[in-house]
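> Any chance you can model this:
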Amino acid sequence: MIDTAGLDEVEIDDRTGLVRVGAGVNLPKLITRCARVGLRGLEVLAGIPASVGGAAVMNAGGRFGAIADTIHAVEIVREDGAVERVERGAIAYGYRASGLAGVVVGVEFGLEPGDPVAIRDRLKSCMAYKKNSQPMAADSAGCCFKNPLLAEPIDGIGEEGARVSAGMLIDRAGCKGLRSGGAVVSGEHANFLVTERGACAGDVIRLMDEVAARVRDTFGVELEREVVVWRRGCKEQLEGSR
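Alright, predicted model coming up:
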């Protein structure tokens with residue numbers, strides 16, 4: 001069994017910029033804490049709802065950068081129970097992917113000491129952008145689908161090989177406001193599936209399936225989920241969505 005005692009620990013050296021944290025640490029809270037002590041790098045991830053471990057595994061990011069840009073190393077528990085430190089150079093980071101195998105239990109960041117006021121201003125700027133373009137006040141898991149690469153050119157969308165906005169495709173496929181039970185495609189940003197009171201996992205998964213089907217039928221583009229679905233304990237509820 002994995003020892004979870006250190007999963008919420010945070011060690012910050014504001015002189016060197018070295019930050020060591022447990023995988024269970026709340027990413028938004030860590031971003032704010034680092035900004036307050038004048039460490040630059042994580043503020044570009046403002047508004048991303050994640051734990052540090054989850055963000056490290058999927059290389060969470062957005063318009064302003066990705067978490068891989070600041071990672072020095074991760075600590076992983078392998079299937080045999082062995083703990084291994086994996087240096088940044090050995091991690092195959094890409095768009096919303098890391099290739100990490102095992103359970104991430106800790107992450108080490110290399111941040112840059114700077115002016116706390118300037119860093120907090122940058123943090124506020126990133127948050128303002130998110131609030132103006134995304135349903136930050138609603139209940140969601142962030143962006144639902146990865147931005148796809150086009151296998152062929154699509155008029156008015158992009159050229160072959162271009163990475164295009166999943167939200168744009170979902171919007172142009174007429175999905176804004178589409179509903180499944182208590183889950184709804186946001187009217188602010190179509191790549192966000194927001195939930196209302198009483199919504200269940202099955203509602204969200206069925207809505208994801210419907211959105212992906214409409215984009216495929218409209219543009220011939222297969223959307224890949226950015227969120228990870230855990231089905232344990234909800235077999236009966238999800239039978240109709242498989």
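> Just the helices from this protein, written as ranges.
27-36, 52-58, 116-133, 166-172, 201-219, 235-238 (DSSP state H).
> among those, which is nearest Thr16?
Shortest distance between Thr16 and the helices of the chain, using Cβ to Cβ, is found for helix 27-36: 12.8 Å. All C-beta atoms are positioned from the backbone trio N, CA, C, and that covers glycine.
> Buried ones in stretch 39-58, by neighbour count?
The neighbour-count check on stretch 39-58 (16 or more other Cβ atoms under 10 Å) flags 39-48, 50-58 as buried.
> which residues of the protein score low on pLDDT?
1-5, 231-242 (pLDDT under 70).
> try 80 this time
1-6, 230-242 (pLDDT under 80).
> most centrally placed residue in the chain?
Ala60 (4.1 Å; Cα atoms, centre = their mean).
> Can you tell me how far that residue is from Gly110?
17 Å (Cβ to Cβ, to the nearest Å).
> Could you count how many residues lie near the closest residue in space to Glu87 that isn't next to it in sequence?
Of all residues not flanking Glu87 in the chain, Ala73 sits nearest, at 5.1 Å (Cβ to Cβ, 6 or more residues apart in numbering). As a burial measure, Ala73 scores 18 neighbours (other Cβ atoms under 10 Å).
> buried set for stretch 94-105?
Using 16+ other Cβ under 10 Å as the test for burial, stretch 94-105 gives 96, 98, 100, 102, 104-105.
> so what's Gly167 up against?
When contacts are counted by Cβ atoms under 8 Å, 6 or more residues apart in numbering, Gly167 is found next to 143, 189-192.
> Mind telling me the two of the residues you listed farthest from one another?
Cys143 and Ala190 (10.0 Å).
> Alright, that wraps it up for me.
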